[in-house]
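Visitor: Build the 3D model from these lines:
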Amino acid sequence: MSKTIKLLLIMGALSLTLFVTEKDKCANAQGAKTGPVLSVLLDPKIAKSSMSGRAFLVLSKSESKGITPEPRWIDPDPFFGLDVSRLKPGEPLLIDNKWQGFPLENIEKVPPGTYWASAILDLNKASRKIFSSEGNYFSKSVKVEIGSVNQAPIVLVLDQVFHEPQFPETDVVKLAQMESKLLSKFHGRTIMLRAGVALPQSYKDNKDRKYPAIYEVPGFGGNHFAALSSHSRGKTVVEGEEVVHIMLDPDCPLGHHVFADSANNGPWGKALTEEFIPFLEKEFRLIPQSWARLVTGHSSGGWSSLWLQLKYPNVFGGVWSTAPDPDDFRDFQRINLYASNQNMFKDEKGKDRPIGRRGDTPFLFYKPFSDMEFAMGRGGQLGSFEAVFSERDSQGNPKKLWDRKTGVMDNDTAESWKKYDIRLLVENNKDALFGKLKGKIHVYMGDKDTFYLEGATRLLGDTLKKLGSDATVVLFAGKDHSNLMDAELRARISKEMAQALQKGKQLNSNR
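Guide: Predicted coordinates:
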C-alpha cells in the first residue's frame, strides 16, 4: 500500500471516528443500537479525476475473491446503492440510511453478525451488469462485525478495476464484431455489435462453399459467449444439414435490448439487419438470402426472435421461438396492460401478485422484485421492458409503467407500449401471414411456465388461428420455463429447420 493511500485512510478513519463518537452518543442517549461506520474511498492511484455513477455496498456471509457476484433473484445478499456525482479520489463517502437497500430497507436494518463487505462504483459504460461491467471500480472484501460497538470505522477502498473477459476464439468458434454507425450516432459514443460464430466442421476445407445461418438470441443475462458450447450442443448441424450458428449479444446498459428499435436503447433491429448481417455474410461465407437465415431464441430471446421475424419478414426465413416473454400485452405475466386501474403489486382481489412459480406454488412476487430493481438502479428484467417499450421522459429516462412505491400503473405509458405488442403487430399486418410469413412462424411454450408466460402465448395462438394463419403455436402440458427444451423438442425444431432450409434450396435452384 502506498504512503498516499495510508495517509488518506488515516485521515478518513480519523474523520469517521469523530463521526461515530457523536453517533454513539446520540444512539446511547436514545437507547438505540450502535455499530460500525462504513465508508467508500476512490483510490487516487487509479482514478485521476472525479467520477459519477452509482456506488454499492454488498454484505455477504462469504469472502469475495474478485468482483462481487450480481444480485440473485432469490435470496440475494443485502446490498445498498446510492447515485453519486463527481466523487473525488481520496474523499470518503459515508454509507448511511440514504443508500437504497434490498432486501433490507437501509444499513441500520442489517441483523447483527459477521459479514464480508465489498464496495463497487458502477460507471454504466456498456453492460446491464451493475457490478461486473467493463471499467467499474471495486474494493477487496473486508470483514466487518455488524452490531459490535467495538468495531472501528472501516474504509472500503475502490482500488480494483473490472475488465470483461476476452472471447477465447478457437478454430471453429470465432468472435465477430463491428462498430454500428447507427447506434454510435444515437448514443454519441462507440457501440459495438458482437456475436459468437460457430463454424461447421467442413467450413475450413471448403473455401468456396457458402452456408445457411441460424441466428440465436440468448435470454436475459445471456450473451455471445454461449457460442463456445455450440458444437457440444450440436448447433452447427440440423438433421444432417450443416449451418453456421451465430449467437448474438443482446446485452446493453438498460438490460436486454431484444433487437427492437426503441427510444431508449436505440435502433438495434435496424443495426442488426442493415449493418451486422451483411457484415457477417461477407465475413463468414453465408448465403445472403432470406431462406438461409433462420432465427431462434428462448425467453427474452424467444420474444426477440419472434419480433425479428415478424418485423422483418423479408430478412428471415423462419422463426422458432421458445417460452417468449409476453407476446400479447393483454396478459403481461397475468396483468392486462390495457385495463384501467391496474396495480402491478396487487391483483383485483388485493392479493400480492406473483411473477414466478414452482409448479403451482408462487416463489417470486412483483413488489420485492420491483424493490430489488429500484435498489439496483438499472439493468433489471422489469426495467428492461420499460427501456424497450417506453418513450423517454423529460429527464431522458424510460417512462415508468408503474409507481415504484404503490404499484399503480400508468395508463398512458401502457397505451404507448402497443407498438411492441406482437399480437397487434400480427393483426395490423395480417396479409403478410399468407405471403411473406407463410410457413415461417413456430412458437413453443410450456403450459406451466415458471414466469406465467403461457397466457400471452395462448392469446397469440388464438389470434393467429382466428386470422387463418398456418403458424405453429404449441403449449406443452406440464412443461415450465426450464424443462420445456427437452430432447424431444430439440429434435423437432432441428427437423423443422432442416425442412425449411431444404425447401428454400429447392425453390432457389428452380429459379
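
Visitor: tell me the helices in the stretch 401-511 of the chain, going along the chain?
Guide: With helices called from DSSP state H, counting those that start in this stretch, the stretch 401-511 of the chain shows them at 411-416, 422-428, 454-466, 487-509.

Visitor: who does the second one touch, helix- and strand-wise?
Guide: Packing partners of helix 422-428 (3 or more Cβ pairs under 8 Å, 6 or more residues apart in numbering; DSSP states H and E): helix 300-311, helix 454-466. (Glycine included, C-beta is placed from N, CA and C.)

Visitor: Not counting its own residues, what contacts the longest one?
Guide: Just to be clear, that refers to helix 454-466. Helix 454-466 has contacts (Cβ atoms under 8 Å, 6 or more residues apart in numbering) with 324, 326-334, 422-423, 426-427, 433, 441, 443, 445-448, 471, 473, 475.

Visitor: can you check stretch 414-433 too?
Guide: With Cβ under 8 Å, 6+ apart, stretch 414-433 has contacts from 260, 303, 306-307, 310-311, 313, 327-330, 337-338, 342, 388-391, 399, 401, 456, 459-460, 463-464, 467-471.

Visitor: Can you tell me the number of residues neighbouring T406?
Guide: 11 (other Cβ atoms under 10 Å).

Visitor: for D122, what are its contacts?
Guide: 53-56, 130-131, 133, 136, 377.

Visitor: Sort out which residues of stretch 470-481 are buried, please.
Guide: 471-473, 475-476, 479-481 (16 or more other Cβ atoms under 10 Å).

Visitor: er, stretch 382-398 I mean
Guide: The neighbour-count check on stretch 382-398 (16+ other Cβ under 10 Å) flags 382-390, 398 as buried.

Visitor: how about the residues you listed in TSV, adding distance to L280 and secondary structure?
Guide: TSV is the format used below for these (distance: Cβ to Cβ, whole Å; DSSP: H, G, I helix; E, B strand; the rest coil):
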residue	distance to L280	secondary structure
L382	32	helix
G383	30	helix
S384	25	helix
F385	28	helix
E386	30	helix
A387	26	helix
V388	23	helix
F389	28	helix
S390	30	coil
P398	30	strand
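
Visitor: Show the contacting residues for the residue lying closest to Y444 once chain neighbours are set aside.
Guide: Leaving out its chain neighbours, the residue that sits closest to Y444 by Cβ to Cβ, 6 or more residues apart in numbering is T322, at 4.9 Å. Contacts for T322 (Cβ under 8 Å, 6+ apart) come out as 296-299, 302, 443-445, 484-485, 489, 493.

Visitor: and with 10 Å instead?
Guide: The neighbours of T322, taking Cβ atoms under 10 Å, 6 or more residues apart in numbering as the test, are 219, 296-299, 301-302, 305-306, 442-446, 481, 484-485, 489-490, 493.

Visitor: and what of I277?
Guide: 193, 213, 215, 246, 271, 286, 288, 293, 312, 315-316.

Visitor: which one among the buried residues of stretch 470-481 gets closest to L104?
Guide: Nearest to L104 out of these is H481 (Cβ to Cβ; 28.6 Å).

Visitor: which regions of the chain sit below the pLDDT cut-off?
Guide: Across the chain, the ranges flagged by pLDDT under 70 are 1-35, 510-511.

Visitor: How much space separates T236 from G478?
Guide: 31 Å (Cβ to Cβ, to the nearest Å).

Visitor: One more: G255?
Guide: Separation of G255 from G478 (Cβ to Cβ) stands at 30 Å.

Visitor: before we move on, the earlier item: please list the members of the buried residues of stretch 470-481 that lie in strands.
Guide: Counting by DSSP state E, the buried residues of stretch 470-481 place 472-473, 475-476 in strands.

Visitor: just the helices in the stretch 1-150 of the chain please.
Guide: For the stretch 1-150 of the chain, helices defined by DSSP H, counting those that start in this stretch occupy the ranges 3-30.

Visitor: circling back: dig out what the residue nearest to Y444 forms beta bridges with.
Guide: In this entry, T322 is beta-bridged to H298, Y444, by DSSP bridges.

Visitor: same thing with G266?
Guide: S262.

Visitor: burial measure for it, as a count.
Guide: Around G266 there are 20 residues (other Cβ under 10 Å).

Visitor: Kindly report the same for S52.
Guide: S52: 12 neighbours (other Cβ under 10 Å).

Visitor: Roughly how far does the closest residue to it other than its chain neighbours sit from F138?
Guide: In space, and not counting its chain neighbours, S52 is closest to S85: 4.9 Å by Cβ to Cβ, 6+ apart. For S85, the distance to F138 equals 19 Å [Cβ to Cβ].

Visitor: what about those two, which has more around it?
Guide: F138 (25 against 8).

Visitor: and the more buried one, bridged to which residues?
Guide: Going by DSSP bridges, F138 forms beta bridges with I120, Q160.

Visitor: surely it meets S132?
Guide: Yes: using Cβ atoms under 10 Å, F138 is in contact with S132, at 8.7 Å.

Visitor: between these two, what contacts are shared?
Guide: Taking Cβ under 10 Å, 6+ apart as the criterion, F138 and S132 both touch 66-68, 120, 122, 162.

Visitor: Specify which member of these is nearest to N411.
Guide: Nearest to N411 among the shared contacts of F138 and S132 is D122, at 32.6 Å by Cβ to Cβ.

Visitor: Relative to M51, how far out is the closest one?
Guide: Applying Cβ to Cβ to D122 and M51 gives a distance of 10 Å.

Visitor: Could you pull out the residues contacting both of the two?
Guide: Common neighbours of D122 and M51, using Cβ under 10 Å, 6+ apart, are 84, 137.

Visitor: Need the nearest residue in space to D347, chain neighbours excluded.
Guide: R353 (5.3 Å).

Visitor: Go ahead and confirm that neighbour touches K367.
Guide: Yes: here R353 reaches K367: they are 7.7 Å apart, a contact under Cβ under 10 Å.

Visitor: Show me which of the two is the more surrounded one.
Guide: R353 (20 against 16).

Visitor: Please list all residues in contact with the more buried one.
Guide: Neighbouring residues of R353 by Cβ under 10 Å, 6+ apart: 333-335, 343-347, 362, 365-367, 369, 407, 452.

Visitor: which among the residues you listed gets closest to P76?
Guide: Taking Cβ to Cβ as the measure, P76 sits nearest to F369 out of these, at 10.9 Å.

Visitor: you'd agree the closest one is up against W73?
Guide: Yes: applying Cβ under 10 Å, one finds F369 in contact with W73, separated by 7.3 Å.

Visitor: Would you enumerate the residues in contact with the closest residue to P253 other than its chain neighbours?
Guide: Residue nearest to P253 in three dimensions, not counting chain neighbours: N124, with 5.4 Å by Cβ to Cβ, 6+ apart. Residues near N124 by Cβ under 10 Å, 6+ apart: 52-54, 130, 133, 135-136, 253-254, 377-379.

Visitor: Return a ChimeraX selection command for the buried portion of these.
Guide: The ChimeraX selection below is limited to those of these classed as buried (16+ other Cβ under 10 Å):
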select :53,54,130,133,135,136,253,254,377,378,379
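
Visitor: from the contacts of N124, which is closest to A227?
Guide: Nearest to A227 out of these is S133 (Cβ to Cβ; 21.0 Å).

Visitor: which residues does the closest one contact?
Guide: Contact analysis of S133 by Cβ under 10 Å, 6+ apart lists 53, 67, 70, 120, 122-127, 162, 164, 251, 253, 379.
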